[in-house]
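Pasting the sequence and the predicted model now:
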Amino acid sequence: MSEQKKSSLNEVVTREYTIHLHKHVFGATFKKRAPKAIKAVKEFALRAMGTADVRLDPELNKQLWTRGVKAVPHRIRVRIARKRNDAEGAKEKLYSHVTFVPVTTFKGLETETVEDDQ
């Protein structure tokens, strides 16, 4: 009856999350708030997807920096996709790609698994 557990890390999956950035940047020096928010997004993706290689989309970076270095948005909706790393000599088999998802309100949003159309 000992069944082999299928590793969730080997699955290619895409999910949408809401990240509460305010709790990560609250109390930080004004000139370090946006860089700290970017590190918080990377840390969130690392924990959610279990991949050490986390890549941020340039559009997400722009959204975090739109209001400047010290006025980071309190929340941000992101889509994190765990993908296979096809590069030659890659250290990691998988990587996470984090993209921005525009929403009008954060009320009632939950984590959702998105079907990939690739």
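Yep, it's here.

Quick one: the strands in the protein, in order.
14-20, 54-56, 75-84, 94-100, 112-114 (DSSP state E).

Make TSV out of these and add distance to Arg33, mean neighbour count and mean pLDDT.
Backbone N, C-alpha and C define where each C-beta goes, glycine included. Below are the strands of the chain laid out as TSV (distance: least, C-beta to C-beta, whole Å; neighbours: other C-beta atoms under 10 Å; pLDDT from 0 to 100):
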stretch	distance to Arg33	mean neighbour count	mean pLDDT
strand 14-20	14	17	96
strand 54-56	16	17	96
strand 75-84	13	18	95
strand 94-100	18	20	95
strand 112-114	28	11	90
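
Put together a markdown table for the ones you listed, with distance to Thr29 on each row.
A markdown table is the format used below for the strands of the chain (distance: least, C-beta to C-beta, whole Å):
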| stretch | distance to Thr29 |
| --- | --- |
| strand 14-20 | 20 |
| strand 54-56 | 22 |
| strand 75-84 | 20 |
| strand 94-100 | 24 |
| strand 112-114 | 35 |
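
So, low pLDDT: which residues of this protein?
Low-confidence segments of the chain (pLDDT under 70): 1-10, 116-118.

buried ones in the longest helix seen in it?
Secondary structure of the chain per DSSP state H: the longest helix is helix 33-49. Residues 33-34, 36-38, 40-41, 44-45, 48-49 are the ones in helix 33-49 that count as buried (16 or more other C-beta atoms under 10 Å).
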